[in-house]
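> Give the three-dimensional model of this entry:
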Amino acid sequence: MLLNTVSTMSNPLAQLLVVIIIALLVAIGILAYTVMGAAEIYLQKYEAHKKNMGNKTLLLIVVMLLGAGLVNAQTAAPDAATAVVAAAPNMGGLSDTVLWALLSVIGLEFLVLLWLLFHLKSLLNLEFEKIQPDVEVQEKKPSRFLVWWDNINKFKPVHEEADIDLGHDYDGIRELDNRLPPWWLYGFYVCIVFAGIYLYRNHVSHDAPSSKEELTMSLEAAAIEKEVYLKKAANKVDENTVTYLTDASSLEAGKKVFTTTCAACHAADGGGMVGPNLTDNYWIHGGSIADIFKTIKYGWPEKGMKSWQEDYSPVQIAQLASYVKSLTGTKPAKAKEPQGNLFTDSTANGTKKDTMVAAVSKP
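Numbering: from 1, shown residues only. Next up is the predicted model:
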């Protein structure tokens with residue numbers, strides 16, 4: 001049995017729990033001494049007024065309860081330390097019996113602490129209730145905020161309004177010669193100083209830009225931001241959002257791609273070679289800007305047209321599709337015979353999807 005007890009107390013978890021138990025015992029002892037002292041002082045104050053045994057009995061009960069709590073707490077620790085260690089280790093090398101015994105002691109000590117704190121608070125409340133009437137009798141001082149508020153507004157007391165009354169009465173509303181409040185005057189003075197500094201810096205020394213110059217700089221910055229945004233937005237274009245680009249720079253960029261990539265099959269002027277003629281109004285897979293964009297992007301591998309979405313960005317494909325669209329109506333040197341279905345533009349510049357007015361199959 002002695003060996004088992006020594007083995008248990010050498011366990012780190014058991015040692016930690018025992019240290020906690022001892023610390024709680026010390027806290028209970030200190031708190032119990034404080035509560036007993038407070039109770040004794042409280043009873044001594046009333047002994048001069050009430051010569052009876054009731055209060056002494058109360059003190060005796062408090063002492064007995066505290067003593068009982070201390071005795072239980074102090075005797076529980078040794079019991080836990082010498083508890084049965086016959087069971088096999090379960091948690092942290094301790095048996096269930098020892099572990100729960102130590103935890104029970106700690107829980108009991110917490111309950112004793114709470115009980116002592118409750119009674120200490122009760123004694124303090126009794127003292128507070130005794131002195132509270134004296135506190136209420138004292139004159140309540142105004143808060144610092146109210147003092148500051150009065151100073152910054154310089155409110156005139158009601159009994160002094162007769163001195164500043166101008167004698168004008170409008171349906172019971174009297175006109176008073178009140179001074180402007182300090183906060184308004186100080187704000188006005190600050191505005192005057194700011195205006196002088198602004199005038200000198202912006203219009204005399206020109207250390208800072210004027211309003212017109214600030215507007216110009218803002219417009220320039222906005223134009224740069226717009227250009228950057230359009231470049232980013234252009235990369236998100238697809239067959240559902242593409243539009244017909246008519247500006248010279250876009251068409252020129254599309255022409256360069258067409259000459260490099262597409263001329264081998266469609267001829268440099270778009271008249272058609274292996275691929276179909278791109279200058280007439282007949283289209284195999286649709287002649288709208290969206291249809292052309294889709295054809296270039298995804299291709300038609302079964303008909304010899306590869307997909308170019310891995311070779312060119314969405315912006316370049318949109319430029320190429322716009323250039324191909326611009327070839328409609330031109331006169332190539334050797335135009336290939338029409339292929340596909342006849343389409344016509346619903347708008348003059350081809351920005352809207354074309355409408356098929358005839359379905360004429362060509363060889």
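> Domain map for this protein?
Structural domains assigned to the chain are 2-137, 149-205, 209-237, 248-358, following automatic domain parsing.
> ranking these by burial, who's on top?
domain 248-358 (a mean of 17; mean count of other CB atoms under 10 Å). Backbone N, C-alpha and C define where each C-beta goes, glycine included.
> So for that domain, mean pLDDT?
If you average the pLDDT over domain 248-358, you get 84.
> same thing with stretch 146-160?
Across stretch 146-160, the average pLDDT comes to 81.
> What is the end-to-end distance of that stretch?
End-to-end distance of stretch 146-160: 20 Å, with CA to CA, to the nearest Å as the criterion.
> so how far is it off the chain centroid?
Centre-to-centre, stretch 146-160 and its host chain are 42 Å apart (CA atoms, centre = their mean, to the nearest Å).
> now stretch 328-341
Its chain's C-alpha centre and that of stretch 328-341 lie 61 Å apart, by CA atoms, centre = their mean.
> Now do the same for Val84: its pLDDT.
Per-residue confidence (pLDDT) for Val84: 37.
> three-state assignment of the closest residue to Gly304 other than its chain neighbours?
The shortest distance from Gly304 to any non-neighbouring residue, by CB to CB, 6 or more residues apart in numbering, is to Val274 (7.1 Å). Val274 carries the three-state label coil when classified by DSSP: H, G, I helix; E, B strand; the rest coil.
> Could you save the domains of the chain as TSV and add columns showing distance to Ser143?
Written out in TSV, the entries for the domains of the chain read as follows (distance: least, CB to CB, whole Å):
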stretch	distance to Ser143
domain 2-137	17
domain 149-205	9
domain 209-237	45
domain 248-358	67
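> where along the protein do the helices fall?
Counting by DSSP state H, one finds helices in the chain at the ranges 2-9, 12-47, 54-81, 96-137, 144-153, 182-199, 211-234, 248-257, 263-266, 289-298, 314-326.
> Out of those, which gets nearest to Ala333?
Nearest of the helices of the chain to Ala333, taken as CB to CB: helix 263-266 at 13.0 Å.
> Distance check, Thr295 against Pro301.
12 Å (CB to CB, to the nearest Å).
> for Ala268, same thing?
Counting by CB to CB, the gap from Ala268 to Pro301 is 24 Å.
> One more: Tyr229?
For Tyr229, the distance to Pro301 equals 36 Å [CB to CB].
> got the end-to-end distance for stretch 258-274?
15 Å.
> Could you do stretch 269-287 as well?
End to end - CA to CA - stretch 269-287 spans 17 Å.
> Other residues contacting it?
The contact list for stretch 269-287 (CB atoms under 8 Å, 6 or more residues apart in numbering) reads 258, 262, 264-267, 291-292, 294-295, 300, 303-305, 324-325, 327-344, 354, 360, 362.
> Run the chain-centre distance for it.
The chain centre lies 56 Å from the centre of stretch 269-287; the measure is CA atoms, centre = their mean.
> Longest strand in the chain, please.
strand 165-170 (DSSP state E).
> for that one, what is the average pLDDT?
The average pLDDT within strand 165-170 is 85.
> Could you check how far Phe118 is from Gly287?
For Phe118 relative to Gly287 (CB to CB), the value is 91 Å.
> Next: Pro276.
11 Å.
> Also Tyr312?
In terms of CB to CB, Tyr312 sits 20 Å off from Gly287.
> cool, Leu111 as well?
90 Å.
> What of Val19?
89 Å.
> And Val35, by the same measure?
98 Å.
> swap in Val193?
Val193 is 70 Å from Gly287, where distance means CB to CB.
> and what of Leu103?
Distance, Leu103 to Gly287, using CB to CB: 85 Å.
> go on, Ile317?
16 Å.
> Now Lys306: closest residue in space, sequence neighbours ignored.
Gly299 (4.7 Å).
> Ser307 is in contact with the one you found, correct?
Yes - using CB atoms under 8 Å, Gly299 makes contact with Ser307 at a distance of 3.7 Å.
> mind listing what Asn240 touches?
Ala290.
> and if we set it to 10 Å?
By CB atoms under 10 Å, 6 or more residues apart in numbering, the contact list for Asn240 reads 290, 293-294.
> try Asp169
By CB under 10 Å, 6+ apart, the contact set of Asp169 is Glu175.
> That one bridge partners, please.
The partner list for Asp169 in beta bridges (DSSP bridges) reads Arg174.
> measure it to Leu176 for me?
Taking CB to CB as the measure, Asp169 falls 11 Å from Leu176.
> same question, Phe258
For Phe258, the distance to Leu176 (CB to CB) stands at 85 Å.
> Same question for Val315.
Val315 is 72 Å from Leu176, where distance means CB to CB.
> And Lys154, by the same measure?
13 Å.
> pLDDT weak spots in the stretch 51-200 of the chain?
Along the stretch 51-200 of the chain, segments meeting pLDDT under 70 span 51-94, 126-141.
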